[in-house]
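Undergrad: Need coordinates for the following:
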Amino acid sequence: MGDRARRTHGTGAGAGGPDVGELLVRVGRGDEAAFEQLYDVLSKPLYGVVRRLVRDPGQSEEVTQEVMVELWRCAGRYSPDRGSGLAWAMTVAHRRAVDRVRSAQASADREDYVGRRDVARPFDEVTEQVTSRLEQEQVRRCLRTLTEAQRESVLLAYYGGRTYREVGELLATPLGTIKTRMRDGLIRLRDCLGVAG
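TA: Below you'll find the predicted structure:
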C-alpha cells in the first residue's frame with residue numbers, strides 16, 4: 001500500500017487527504033496544528049450528519065462546533081484498533097445531534113405544559129368556579145320556591161343521597177306521598193331553572 005493510500009484509507013477525506021485516525025491520535029497528544037487539519041477535514045461531513053438530525057441550520061452549526069470541541073478534548077480516547085477515525089468522529093457527532101433533538105423536544109414539552117398550566121388552566125378554573133357558584137345560587141333560589149315538604153324531600157333525596165323509601169321513613173310519610181312531593185318539586189325546580197322538559 002503506497003504512502004498516499006495509507007493516508008486516506010478509511011477516512012472518507014478523499015484522495016490525498018490526511019488520515020483522520022492519525023490526526024485524532026496527534027490531537028490526543030495536544031497537537032494544535034493537527035486539530036486545525038482535523039477541523040478542515042471533518043467540519044463539513046460532521047455538519048452534514050448533524051444537519052440531517054437537527055434540521056435547523058443555526059443549531060446544526062452550533063452542534064458541529066460542540067462536536068469539534070469534544071473531539072479536541074476527547075481525542076485521547078480514540079484508538080485506531082477499534083475502527084476508523086472518521087467513523088468514531090461521526091458517532092460522536094450523531095450522539096451530540098440526538099442529544100440536541102431530545103433536549104429541544106423536552107424543552108418544547110416543558111414550555112407546552114407550563115403554557116397550558118399557566119394560561120389555560122387558570123382560565124378554565126375561574127370559569128368553572130364562577131359557573132358553579134352561579135348554578136349553586138340559582139338552585140338555592142329555586143329551592144326557595146318549593147313548599148317546605150317538597151324542599152325537605154328533594155334535599156334528603158338529592159343532597160342526602162337517600163332513596164324515596166328512606167326519605168319516607170325519615171319523614172314518617174307514606175312512599176306514595178313522597179313520590180308525589182318529589183315529582184311536583186322537581187317539576188317546579190325544572191321550570192325555575194329553565195331546563196327543557
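Undergrad: domains in the protein, as residue ranges please.
TA: Domain ranges of the chain: 3-109, 144-193, per automatic domain parsing.
Undergrad: Check the average confidence over the first one, would you?
TA: Per-residue pLDDT values over domain 3-109 give a mean of 86.
Undergrad: Same check on the shortest one?
TA: The average pLDDT within domain 144-193 is 88.
Undergrad: and the end-to-end length of that domain?
TA: Length of domain 144-193, first residue to last, Cα to Cα, to the nearest Å: 12 Å.
Undergrad: how distant is it from the center of its chain?
TA: Computed by Cα atoms, centre = their mean, to the nearest Å, the chain-centroid distance of domain 144-193 equals 50 Å.
Undergrad: For the domains of the chain, give me TSV that also has mean neighbour count and distance to residue 134.
TA: No exception for glycine: its C-beta is placed from N, CA and C like everyone else's. As requested, the domains of the chain are exported to TSV (neighbours: other Cβ atoms under 10 Å; distance: least, Cβ to Cβ, whole Å):
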stretch	mean neighbour count	distance to residue 134
domain 3-109	16	36
domain 144-193	15	12
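Undergrad: between these, which one is nearest to residue 136?
TA: domain 144-193 (11.5 Å; Cβ to Cβ).
Undergrad: Now render the domains of the chain as CSV, adding distance to residue 129.
TA: Below are those laid out as CSV (distance: least, Cβ to Cβ, whole Å):
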stretch, distance to residue 129
domain 3-109, 28
domain 144-193, 19
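Undergrad: is it true that residue 35 touches residue 27?
TA: Yes. Counting by Cβ atoms under 8 Å, residue 35 does reach residue 27; the two are 4.8 Å apart.
Undergrad: picking up where we left off before, residue 132: which of the domains of the chain is closest?
TA: Distance to residue 132, taken as Cβ to Cβ, is lowest for domain 144-193 among these, at 14.5 Å.
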